[in-house]
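In: How does the following fold in three dimensions:
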Amino acid sequence: MIKSLLYRANRASLTILQCDKIVETAKNEQTLLDRLCEVIVYSCGYKLCWIGFIDDNPAKTVKPVASVGFEDGYLDKVVITWDNSPTGSGPTGIAIKTKKTKAVQDIINNKDYNPWKEEAKLRGYGSSIALPLLTETKVFGTINIYAPESNAFDEEEIVLLEKVAANVSKGIAALRK
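Out: Numbers count the residues shown, from 1 in each chain. I've put the predicted structure just below:
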């Protein structure tokens, strides 16, 4: 148990350090997004990381703009929205609507994950988290991270990952100016 807690704390701390460096050195937005996903998956041991931006269309869809990890067509097969339908009630839709992080600690037994459960199960996703990307006034997207185990995101790790999302939001805003 202690080893697991230390591993999680170290994993999240490493994520912050590496992501902060990427934010400081990225010359364009796509490089920032791609490198962030790489660090979260390859350096920090998560199974999948993808970043989605709000598509401000009538369907209120979320468009994946970067991804790294074991995805195997997942993002092509699932529909993710931020409306009030079942496809807008998962972690990504909730994070966008509430401007707050939404973790699903047990994908298989969470009824709000039903629209994506079978595809997630095929890929071995046990838990996921959606972290909002936002300006001072509105959400423009999310960082979505998947782990193979259930209960992968404890309170301390969530706080650290929220710092990553805040820094990435600032980095994107700076690059867009």
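
In: tell me the helices in the protein, going along the chain?
Out: For the chain, applying DSSP state H gives helices covering 2-25, 29-38, 74-77, 91-98, 117-122, 155-176.

In: For residue 65, which of these is the nearest?
Out: For residue 65, the closest of the helices of the chain is helix 29-38, at 6.0 Å, according to C-beta to C-beta. Backbone N, C-alpha and C define where each C-beta goes, glycine included.

In: Just the angle for the closest one relative to helix 155-176, thanks.
Out: 160 degrees (axes from the mean of the first three to the mean of the last three C-alpha atoms, to 10 degrees).

In: residues in contact with the residue nearest to the spatial centre of the chain?
Out: Residue closest to the average C-alpha location in the chain (C-alpha atoms, centre = their mean): residue 144, at 1.5 Å. The contact partners of residue 144, taken as C-beta atoms under 8 Å, 6 or more residues apart in numbering, are 48-52, 91-92, 128-131.

In: what sits opposite it in the beta ladder?
Out: Beta-bridge partners for residue 144, by DSSP bridges, are residue 50, residue 130.

In: Can you give me the distance of it to residue 71?
Out: 11 Å (C-beta to C-beta, to the nearest Å).
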